[in-house]
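# Below is the sequence, then the predicted model.
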Amino acid sequence: MPPTLLRAHLLHTPDSPFAGGALQAFDRGGLVFDDRDGTILALGDADTLAADYPGADTLDYRDAFVLPGFVDTHVHYPQVPIVGAMGLELLDWLRERTLPEEARYADVAYARDAARTFLRLLAGNGTTTALVFGAHFADAQQVFFEEAEASGLRITSGLNLADRNLRPELEDTPDHHYQLSETLIRRWHGRGRLRYALTPRFSLSCSDGVLEAVGALLRAHPGVLMQTHLNESLAEIRTVAELFPEAIDYLATYERHGLVTPRSVFAHNVHVTDSELARLGEARAPIAHCPSSNMFIGSGLFAMKRHLSARVRFGLGSDVGGGTGFSLFKEGLMAYQTQMLLREDGYPLGPAHLLYLATRAGADALGLGDEVGDFRVGKQADFVVVRPPAQSTLATTLRHSPSAEASLGALFTLAREESVAAVYVGGRPLSGRERQDKSIG
Ligand code: GUN
Ligand code: ZN
C-alpha cells in the first residue's frame, strides 16, 4: 500500500516555546504517513515531498489548516449535560448539579448513550487524545471503555473512586474499589489505544483507605496512570485541611500514599503553596490546567509563572462539565486571557505557546510525548483539519492574516467545533463531516 501525502497549511510546535522553541509552519506543507500503521514518514514542503514519494496517494486539504490532534488532560465523561450550570462555586456546584447527574450512571443504557455522545463531541472538537475522569459505577465505566475502543480515540480513563462526602450511591469501600479497579485494569489497560488511570475523585471524598488502595494499585501496575483534583477552590482546601489535620497541606494527603509521581496528573492546582510547587516539580508530576473551568466555577487564576519557575509541567484540560465546552482552542484562549489578567504576575503567552499547551505539552503530561503531540517523523499521524465556515468571522480574519503566527492566534480566538472539518488518528479519519476522499496524486 502506498503512503499518503497530506497537503495543507501545517502548524506544529515540536520544541517548547517556554524554552526557546518556535512555531513551525509550512504554508504549502506536506505530511507523508504510512497508511497501515499511521507512522509519519516525512514532513516538509509538499511539492518536494511529492517528488520524493511519487507513488503516494494525496489527501488534499490545501484550503485548510492542519494541526496535531489536541490532547485534553482533564475531562469528565459523566458531566456533559451540566455544562453551563451557572451561579455555583465548586462544592455547591458538585452537590446541586454535578453529583445528581453522575448518580444517573447507575443506569447502564443511559451511561452507554452518554459515552457515545461524549466521545463524538471530543473528536468533533479536534481532540484525539484524552485523560478522562470516569463514572462511579463499574458497569458505566466498562461501557465507556467499550465505546472508547470503538471510537478510535486515544483514551486513558478509570473508575471514579470515593468513600465519603458525596452521595451514598456514589461511594464504596476501599477493598471493593481495589477489586473493581484491578478488574478494569486487567481488561482495558494497554488494549489498543486505551490505558487505565486510577481515579480517586479528590481527598475531600476519599479516606486514607481509598488513597492507600490507589497507591498499592499504582505500584502494582507500572504503566497505569493516576488522576485526581488538587488545590482548586479555597473552600475545598479548607475542608481537606479539616479532614486531614495531620497533613501539612493538600498535596501531602496524596504524597503519604505514594500518589505524587510522573504518572500522576493533578487537575487545577490554582491555590498552591511554594512548598507544594517545589515538591510537584521534584516528583515530575504534571498539572492539568483548566482555565475555563477555573473562571466558570470562580476558583481562581492559574499561577503559570510560578509553575514554570518550579519546573512543574502542565497541559490543558477542558474539565467538562466545570469547563465551558470541549474546545481546546477555547481553553487556549482562556489560558491566554487568564495570564493577561494577572498583569505583571502573568506569563506572556503567544499563539505558539497555546498550540504547544494544547498538543505536545499534553502528550508529555500523559506520558505519550514519544507517540503524539507534533508531526515529528516516527510519531503517529494524529491531526485535526480546521476549515472555518465561509461567511464566518474567522474566515474573514484569516483572509487578512499577515503571518502563520497571526493565523494561529485567530484560530485559538475564533475556531470552535463548527470549524473542525475532520479528525484523523493514526492516519485514519474519525469523523468526516467534510472529509475529502483520497485521490491518486
Ligand atoms: N473536584 C472533585 N470533583 C470535581 C469535579 O467533578 N469537577 C471539578 N472541577 N472539580 C472537582
Ligand atoms: Zn475535574
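Great, that's in hand. Numbering: from 1, shown residues only. Ligands and ions are numbered 1, 2, ... in the order given.

# buried residues in stretch 7-16?
Arg7, Ala8, His9, Leu10, Leu11, His12, Thr13, Pro14, Asp15 (16 or more other Cβ atoms under 10 Å). Heads up, the C-betas are built off the backbone N, CA and C, glycines and all.

# Kindly report the same for stretch 195-211.
Quick answer for stretch 195-211 (16+ other Cβ under 10 Å): 195-211.

# Stretch 95-104 too?
Buried, per 16+ other Cβ under 10 Å, within stretch 95-104: Arg97, Thr98, Leu99, Glu101, Glu102, Ala103.

# coming back round to it: which ones among the buried residues of stretch 195-211 lie within helices?
Among the buried residues of stretch 195-211, DSSP state H puts Asp208, Gly209, Val210, Leu211 in helices.

# can you pull the contacts of the first one?
What it means is Asp208. Arg256, His257 (Cβ atoms under 8 Å, 6 or more residues apart in numbering).

# Then the third one?
With contact taken as Cβ under 8 Å, 6+ apart, Val210 is in contact with Leu161, Ala162, Asp163, Pro174, His177, Pro200.

# Can you give me the neighbour number for Phe314?
Using other Cβ atoms under 10 Å, Phe314 has 25 neighbouring residues.

# cool, Asp345 as well?
12.

# which one is it nearest to, not counting chain neighbours?
Lys305 (6.4 Å; Cβ to Cβ, 6 or more residues apart in numbering).

# I'd like to know how far the residue in the stretch 201-350 of the chain that ligand 1 sits nearest to sits from Leu277.
Taking Cβ to the nearest ligand atom as the measure, the stretch 201-350 of the chain has Gly322 as its residue closest to ligand 1, at 3.5 Å. Distance, Gly322 to Leu277, using Cβ to Cβ, to the nearest Å: 22 Å.

# Buried residues, stretch 370-381. List them.
Using 16+ other Cβ under 10 Å as the test for burial, stretch 370-381 gives Glu371, Val372, Gly373, Asp374, Phe375, Arg376, Lys379, Gln380, Ala381.

# mind listing which of the residues you listed are in helices?
Using DSSP H, none of those sit in helices.

# ok, and what's touching stretch 381-399?
Contacts for stretch 381-399 (Cβ under 8 Å, 6+ apart): 6, 8, 31, 33, 38-40, 61, 63-70, 126, 128-129, 154, 372, 375, 407, 410-411, 414-415, 418-427, 434.

# continuing past the longest helix anywhere in the chain, what's the next helix or strand?
Using DSSP H, we find that the single longest helix of the chain is helix 108-124. Under the assignment DSSP states H and E, the closest C-terminal helix or strand after helix 108-124 is strand 127-133.

# What is the longest strand along the chain packed up against?
If you go by DSSP state E, the chain has its longest strand at strand 57-68. The helices and strands touching strand 57-68, judged by 3 or more Cβ pairs under 8 Å, 6 or more residues apart in numbering; DSSP states H and E, are strand 4-12, strand 24-33, strand 383-386, helix 404-414, strand 420-425, strand 439-440.

# In it, which residues are buried?
Applying 16+ other Cβ under 10 Å to strand 57-68 flags Asp57, Thr58, Leu59, Asp60, Tyr61, Ala64, Phe65, Val66, Leu67, Pro68 as buried.

# How far away from the center of its chain is whichever helix or strand comes after it?
Beyond strand 57-68 on the C-terminal side, the first helix or strand identified by DSSP H and E is strand 70-76. The chain centroid and the centroid of strand 70-76 are separated by 2 Å under Cα atoms, centre = their mean, to the nearest Å.

# So which residues make contact with strand 70-76?
With Cβ under 8 Å, 6+ apart as the test, strand 70-76 has contacts from 122, 125-133, 227, 265, 267, 286, 288, 290, 315-323, 326, 328, 358-359, 361-363, 365-366, 368, 372-373, 384.

# got any ranges where this structure has weak pLDDT?
431-441 (pLDDT under 70).

# Excluding covalently adjacent residues, which one is nearest to the residue nearest the centre of it?
Residue closest to the average C-alpha location in the chain (Cα atoms, centre = their mean): Asp72, at 1.1 Å. Leaving aside its sequence neighbours, Asp72 sits nearest to Ala130 (Cβ to Cβ, 6+ apart; 4.2 Å).

# Met304 too?
Going by Cβ to Cβ, 6+ apart, Met304 has Tyr347 as its nearest residue, at 4.3 Å.

# if I pick that neighbour, what's in contact with it?
So Tyr347 contacts Met304, Lys305, Leu308, Gln339 (Cβ under 8 Å, 6+ apart).
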